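> predicted coordinates and the sequence they were generated for:
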Amino acid sequence: MDNRAKWGTLLSCSLSCFIAWLDFAIVNTALPAIERDLSASFIQLQWVMNGFVLSLAVLIVTLGRLSDHVGRKTMNIWGVVCFGLFSLLAGLSPSPGWLIFCRVMQGAGSAAIIPTSLAMISHAFPGKEKAKAIGIWSGVTGLGMAAGPVVGGILVSALSWPWIFYINVPIAIASVIISVFFATESLAEHGNMKPDIKGFCLLTVGLASLIFGFMHAPDWGWASEKTLLLFALALASLVWFYFSEKRSSSPTIPFSLFSNSGFSCSTMVMFGLVFVLTSDLFLVPLYLIQVREMAAYQAGLTILPITACIAFISPFVSHLMTRWTAKKLILAGLTLYCASTICQAFIETDTSLLFILGSFILLGVGWAIARTPATTTALTSAPAHLAGTATGVLWTLQNSGGALSIAIILTLFRKIFEADATPASFLVGYRTAMWLLSAMTFAVILVLLFIPSKKR
């Protein structure tokens, strides 16, 4: 493969993933403005975030598998087009409902972009060049996540919230043009793993019903017919999904992977990390803007330590893995993570900004230290012929953690806050949420400490 094709592939894939991660981190700082301009309720703000995360969680494996057959470049281009188009339409949204729909479609675009990008780069760069190319790709995507809060805050303050979506459009167009003219197509070397459509449908219905039930049960009543029907549908779908996957020749989630304690414990760690981070990144901008009355750009700068630490420390953690075991690094990262949420549980209206920034730094450093060894352990614990599938399973379950976090933690916060909708009630809800997130992290730490992992 000539150099122009290789570097064209790397550039187009890096740009496409850049906007996917930028969008994930940029929306949080705009939530108060969206709430004000579209008269959105808190539960609608939950769906603005959860529509994206849920769509990404349930589609990423299926679209990754489908790209093996239709072509990864083709699927990547369609993913970027979908993401760019619905970014434009999201900015033009006249109502919360339309914005939520656009966010679901953005999640679908991301589910096509992320697996195909890495597969295209792996195919384009041989041997030692592959590690260098993936490192560049990781750096660019990490930059998107780090820049999200600051860019979002500046755009909301200087222009208006739709610009957090409009900014994706020119980058998407550039990515598509470069991909069309320079990137090369690739197909799976072994085309025996067909998309698991039945499993995809069951997982979608099960997760959506479960999340919808948690989010609306406090309003409908936990014993209401609608709530019980949703939970029954979720239970039936997920049980059917489990037995269907056990019989499938190409399952979305091969449950045999979880017989390896390295994979199952690492997946649990990633589920917990995303569960905590998703709710934290939702509540922090609301606290900074609504309680401390910061401008959006000030809130973005205050949140920057979280995403900046994740982006810039993560690439160096692999070097620490040559000196310490993965388990020790994961436990160290989770301890910092737990310390962060405990610190945030003591935040008041007039808490020192230095204390707040310190707690955010702990969160970002904790994520960076724990994520790399957890991901590496999960993928190296899987059989070689299931490496790609293991990646998809890891993405599906960690994003399911994010979706469930929004449904459970933020619904509890909403019920406390909406009792009288004052800064005092906001802080009661915020602190309650942080204690629950601390408990989640501490539970993961205990499991890792008292359940020894088996060697491969």
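Thanks, I have it.

> nearest residue to the middle of this structure?
N399 (5.2 Å; Cα atoms, centre = their mean).

> next one: that one from T278, what distance?
Noted for N399: a distance of 9 Å to T278, by Cβ to Cβ, to the nearest Å. Quick note: C-beta positions are derived from backbone N, CA and C, even for glycine.

> V27 now?
Distance from V27 to T278, by Cβ to Cβ: 12 Å.

> about what we covered before: name the residues contacting each of N399 and T278.
V53 (Cβ atoms under 8 Å, 6 or more residues apart in numbering).

> how many neighbours does Y242 have?
For Y242, the neighbour count with other Cβ atoms under 10 Å is 15.

> before we move on, what about F413?
Neighbour tally, F413, other Cβ under 10 Å: 26.

> spatially nearest residue to it, not counting backbone neighbours?
Leaving aside its sequence neighbours, F413 sits nearest to G429 (Cβ to Cβ, 6 or more residues apart in numbering; 4.1 Å).

> how about I406?
I406's closest residue in space is N50 (Cβ to Cβ, 6+ apart), at 4.4 Å.

> could you look up the SS state of the one you found?
helix (DSSP: H, G, I helix; E, B strand; the rest coil).

> F450: neighbour count?
Neighbour count for F450, taken as other Cβ under 10 Å: 7.

> now do L230
22.

> mind listing what it touches?
If you count contacts by Cβ under 8 Å, 6+ apart, then L230 has 209-210, 212-213, 216 around it.

> give me the element it is part of.
Per DSSP states H and E, L230 falls inside helix 225-247.

> what residues of that helix count as buried?
Neighbour-count burial for helix 225-247 flags 227, 230-231, 233-234, 237-238, 241, 244-245 (criterion: 16 or more other Cβ atoms under 10 Å).

> so can I have CSV of these showing distance to R292 and pLDDT?
Shown next, in CSV, are the buried residues of helix 225-247 (distance: Cβ to Cβ, whole Å; pLDDT from 0 to 100):
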residue, distance to R292, pLDDT
T227, 36, 87
L230, 37, 89
F231, 38, 89
L233, 41, 92
A234, 38, 88
S237, 42, 90
L238, 41, 89
F241, 44, 88
S244, 49, 86
E245, 47, 81
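
> could you identify the most distant pair in the residues you listed?
Spanning the widest gap among these are T227 and E245, at 26.9 Å by Cβ to Cβ.

> confidence score at the nearest residue to L449 once chain neighbours are set aside?
Nearest residue to L449, sequence neighbours excluded (Cβ to Cβ, 6+ apart): L331, at 7.3 Å. At L331, the model reports a pLDDT of 90.

> dump the residue contacts of L331.
445, 448-449.

> tell me which element it falls in.
Going by DSSP H and E, L331 is in helix 326-344.

> buried residues, that helix. List them.
So helix 326-344, judged by 16+ other Cβ under 10 Å, has buried residues 326-327, 329-344.

> quick one, what contacts L410?
42, 46, 279, 282-283, 433.

> I meant V140, not that one.
Applying Cβ under 8 Å, 6+ apart, the residues near V140 are 14-15, 17-18.

> among those residues, name the buried ones.
In the contacts of V140, the ones that pass as buried (16+ other Cβ under 10 Å) are 14-15, 17-18.

> do me a favour and get the end-to-end distance for stretch 342-357?
End-to-end distance for stretch 342-357, by Cα to Cα, to the nearest Å: 14 Å.

> who's in contact with it?
Applying Cβ under 8 Å, 6+ apart, the contact partners of stretch 342-357 are 280, 287, 291-292, 302, 305, 358-359, 362, 423, 427, 430-431, 434-435, 438.

> what residues sit buried inside it?
For stretch 342-357, by 16+ other Cβ under 10 Å, it's 342-345, 347, 351, 356-357.

> from those residues, pick the one nearest R4.
L357 (44.5 Å).

> sorry, back to before: now, the contacts of L331 that are in helices?
445, 448-449 (DSSP state H).

> so Q398 makes contact with G272?
No. Between Q398 and G272 there is no contact under Cβ atoms under 8 Å: 9.1 Å.

> how far does stretch 426-445 sit from the chain's center?
Relative to its parent chain, stretch 426-445 has a centroid offset of 19 Å by Cα atoms, centre = their mean, to the nearest Å.

> buried residues in that stretch?
426-434, 436-438, 440-442, 444-445.

> buried residues in the helix or strand Y297 falls within?
Taking DSSP H and E as the criterion, Y297 maps to helix 296-320. Across helix 296-320, burial judged by 16+ other Cβ under 10 Å covers 296-311, 313-314, 317, 320.

> next: stretch 247-265.
Result for stretch 247-265 [16+ other Cβ under 10 Å]: buried residues 251-254, 257, 260, 262-265.

> mind checking which of those residues land in helices?
Those of the buried residues of stretch 247-265 lying in helices (DSSP H): 262-265.

> may I see those residues arranged in CSV, with distance to M120 and pLDDT as well?
As requested, these are exported to CSV (distance: Cβ to Cβ, whole Å; pLDDT from 0 to 100):
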residue, distance to M120, pLDDT
G262, 28, 79
F263, 26, 82
S264, 30, 83
C265, 31, 85
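
> could you give the angle of the lowest-mean-pLDDT helix or strand in the chain to helix 296-320?
The helix or strand of the chain with the poorest confidence is helix 127-158; it has a mean of 76 (mean pLDDT, DSSP states H and E). On the basis of axes from the mean of the first three to the mean of the last three Cα atoms, to 10 degrees, helix 127-158 is oriented at 160 degrees to helix 296-320.

> C-terminal to helix 127-158, what's the next element?
From helix 127-158, the next helix or strand downstream (DSSP H and E) is helix 163-166.

> next secondary structure element downstream of that next one?
Criterion used, DSSP H and E; the element after helix 163-166 is helix 168-182.
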